[in-house]
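>>> one predicted model, sequence on top.
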Amino acid sequence: MTNPQDTPLAIPRRSRARRILLLLVCGMILFGAIAFLEVGQWLVVEDSLTQSRAIAVLSGNMPLRAIEAARLYRQGYAPEIWLTHSAEPGAALEAMGIPFAGEDFYNARILIHEGVPPGAIRVLEPPIVNTADEIKGIASALSSEKDRTVIIVTTKAHTRRTRLLWQRLAAGRGRAIVRAASGDPFKPHAWWRTSGDALDVVRELLGLMNAWAGLPLRPAQ
């Protein structure tokens, strides 16, 4: 007895299905390759500069972020620079009896070295653990100001997550202008060539997924 699947009509249908499946697979591979190559560039976003109440420096990547903040200050974009106060590793070192001045201490010294007067530097409280804490602290400080625009300086790969966190955590409390440190060596078009850039991309993608999910993952205690 003849198998219906082996009829002349069934054979072209199977062939057509294979071609469609092959096209879908090729399309997915092509899309994945493009996404892989472009994700570094996608992470980098910047807003147009305008006169603001302050320039806020996110913690990490010393001295790049502080140097950029000083450059913007000298260009007259804001009369004050805000620094965040990281709780770690100071708290852990203090428990061991080891003194640690804090990242804000060194960032302040960098700013002074770059021509920012000490009176124009303000350290925000309370202490922070991650970027979400920093956004909340900056928004809280900004909410009591008449001019509610702040320039937030970070590094290139961190800009998109910074903008997203502001939208999620500080909506309606002021305007944030996100800027990347111009001296940041991160290469958006070739991020896979160095371990540092690759780690930045992986960390930022994980951070973005956490932010999109509503920040279910919290810092380790």
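Nice, thanks for sending it over. Residues are numbered from 1 along each chain as shown.
>>> ok, and for the strand or helix carrying residue 38, which residues are buried?
Residue 38 is located in helix 10-43, with elements delineated by DSSP states H and E. Within helix 10-43, the residues that qualify as buried are 39, 40, 43, counting by 16 or more other C-beta atoms under 10 Å. Yep, even glycine has a C-beta here, placed from its N, CA and C like the rest.
>>> what bits of the protein have low per-residue confidence?
Judged by pLDDT under 70, the chain has its weakly predicted residues at 1-12, 23, 30-35, 220-221.
>>> show me the helices in it, by range?
Using DSSP state H, the helices of the chain run over 10-43, 64-74, 90-95, 103-113, 131-143, 159-169, 195-212.
>>> quick one: contacts for the residue nearest in space to the middle of the chain?
Closest residue to the average C-alpha location of the chain: residue 158 at 2.1 Å, with C-alpha atoms, centre = their mean. Shown in contact with residue 158 (C-beta atoms under 8 Å, 6 or more residues apart in numbering): 43, 58, 131, 180, 200, 204.
>>> and if we set it to 10 Å?
When contacts are counted by C-beta atoms under 10 Å, 6 or more residues apart in numbering, residue 158 touches 43-44, 58, 60-61, 65, 131, 152, 178, 180-181, 184, 186, 200, 203-204, 207.
>>> need the buried ones from the residues you listed selected in ChimeraX.
Of the contacts of residue 158, the buried ones can be selected in ChimeraX as follows, counting by 16+ other C-beta under 10 Å:
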select :43,44,58,61,65,131,152,178,180,181,184,186,200,204,207
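>>> gap between the nearest residue to residue 142 once chain neighbours are set aside and residue 211?
Nearest non-adjacent residue to residue 142, counting by C-beta to C-beta, 6 or more residues apart in numbering: residue 174, 4.1 Å away. Relative to residue 211, residue 174 is positioned 19 Å away (C-beta to C-beta, to the nearest Å).
>>> ok, now residue 202?
For residue 202, the distance to residue 211 (C-beta to C-beta) stands at 15 Å.
>>> which of those two has more neighbours?
Comparing residue 202 with residue 211 by other C-beta atoms under 10 Å, the one with more neighbours is residue 211, at 19 against 13.
>>> export stretch 161-170 as CSV, just CAs?
C-alpha atoms of stretch 161-170 as CSV (Å, rounded to 0.1, in the frame of the first residue of the first chain):
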residue,chain,number,x,y,z
ARG,A,161,21.3,51.4,32.7
THR,A,162,21.7,54.7,34.5
ARG,A,163,19.0,56.3,32.4
LEU,A,164,16.7,53.4,32.9
LEU,A,165,17.1,53.4,36.7
TRP,A,166,16.4,57.1,36.7
GLN,A,167,13.2,56.5,34.8
ARG,A,168,12.2,53.7,37.1
LEU,A,169,13.2,55.2,40.5
ALA,A,170,13.1,59.0,40.1
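>>> make 728 the starting number, not 1.
All set: I'll call the first residue 728, so the last point we hit is now stretch 888-897.
>>> my read is that residue 946 contacts residue 856, right?
Yes - taking contacts as C-beta atoms under 10 Å, residue 946 lies within contact range of residue 856: 4.6 Å.
>>> for residue 798, what are its contacts?
782, 804, 841, 842, 843, 880, 908, 909, 910.
>>> shared neighbours, residue 946 and residue 856?
814, 815.
>>> so which of those two has more stuff around it?
Just comparing residue 946 and residue 856: by other C-beta under 10 Å the higher neighbour count belongs to residue 856, 16 against 11.
>>> so that one makes contact with residue 814?
Yes - counting by C-beta under 10 Å, residue 856 touches residue 814, with 5.6 Å between them.
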